[in-house]
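[1] Based on what follows, work out the 3D shape:
(one chain, ligands or ions: 1)
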Amino acid sequence: MSSYEFRIDGHLDAHRDAVLGDLRPEHHGDGTTTLTGPVADQAALHDLLARLRDTGTTLLSVRALPASTPGVLQRIDWPVRTDRLTLRPGRPADADPVWHYRRLEPVARWLTELPADADAFRARFAAPERLAKTLVVERDGHVMGDLMVRVEDAWAQAEVADGARAVQAELGWVFDPAHQGQGYATEAVRELLRLCFVELGLRRVTALCFADNEPSWRLMERVGMRRESHNIRDSLHRSGRWLDGLGYALLAEEWNRRT
Ligand SMILES: CC(C)(COP(=O)(O)OP(=O)(O)OC[C@H]1O[C@@H](n2cnc3c(N)ncnc32)[C@H](O)[C@@H]1OP(=O)(O)O)[C@@H](O)C(=O)NCCC(=O)NCCS
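    So this is what the prediction gives:
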């Protein structure tokens, strides 16, 4: 399965559903539309190109998206539901509810950055490269947490580097303290692992945290991640202290054995 982007002239109106299938349309100010999404194989690609041609639209370009491009999460059929939660890609309008809990001291103390105010946060949150790796977690339509999925290349020797492209993801999570202690993060991250291994076909996921952030590493252990490293005073906290850092990981084969 690969992700493709088709750029067409104008907008697709007639026969839209038949043509679009799993493709996500995005209209652009220059009058073009991009259709992005998964294409199973070459036969499906040819079929799609034929259907596009039949609509009479002008196809301007077709490109295969490397798995590590921001479009990677678009391969998933959103929203995704668990027993209690809904997971979906973040959008600019989520900035305010997310800021509502990220700015709180017990949360912010562990996060990589603490924007000065809501405006600064909105600008950071809405940046395309950030939104592309951000999911939000909702319960009854209310945003209670956010997740990061940063798909990346594994380390490889030069001759085999192509085989290591976009095969793993670093994960992250932040939940509103008002909704902690009820297993919501566990439920969301368990589903996130399924999405990474089954829907995205990744071979490994990783996560990092300060060793002092016990709720975070306990969450990693609850979902079955393995502690791979304990680095001594390697991470500078904004308090000015050098803290220990922990690295966790999980391989697809380990996850498969457990599920
Ligand atoms: C890391 C973080 C997401 C963990 O949140 P959490 O509330 O501890 O995790 P969960 O939602 O999975 O809840 C687990 C707790 O709920 C309890 N629980 C209740 N019902 C449960 C259920 N159905 N399933 C699982 N756990 C349940 C568990 O026993 C556990 O309680 P305990 O901590 O007393 O053992 C949260 O602390 C957080 O957002 N921190 C700030 C941001 C942060 O540090 N992010 C990570 C940076 S590396």
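[2] List the contacts of the nearest residue to Arg91 once chain neighbours are set aside.
    Spatial nearest neighbour of Arg91, chain neighbours left out: Leu131 (6.9 Å); criterion: Cβ to Cβ, 6 or more residues apart in numbering. For the C-beta atoms, the positions are set from N, CA and C on the backbone; glycine is no exception. When contacts are counted by Cβ atoms under 8 Å, 6 or more residues apart in numbering, Leu131 is found next to 89-92, 125.
[3] Strands - which of the residues you listed land there?
    Pro89 (DSSP state E).
[4] Output the lowest mean pLDDT helix or strand found in this protein.
    Least confident helix or strand, the chain: helix 16-20 with a mean of 68, by mean pLDDT, DSSP states H and E.
[5] Can you give me the distance of Arg122 to Ala95?
    Separation of Arg122 from Ala95 (Cβ to Cβ, to the nearest Å) stands at 4 Å.
[6] between these two, which one's more packed in?
    When Arg122 and Ala95 are compared for neighbours, Ala95 comes out ahead with 20 against 17, by other Cβ atoms under 10 Å.
[7] Those residues of the chain touching the ligand, which are they?
    107, 110, 173-175, 180-186, 209, 213, 215-216, 219 (Cβ under 6 Å from any ligand atom).
[8] For the protein, give the helix that spans the most residues.
    When the chain is parsed with DSSP state H, its longest helix is helix 42-54.
[9] just checking, what packs against that helix?
    With contacts taken as 3 or more Cβ pairs under 8 Å, 6 or more residues apart in numbering; DSSP states H and E, helix 42-54 sits against strand 2-9, helix 16-20, strand 59-65.
[10] among these, which is the most enclosed?
    Mean neighbours per residue, mean count of other Cβ atoms under 10 Å, is largest over these for strand 2-9, with a mean of 18.
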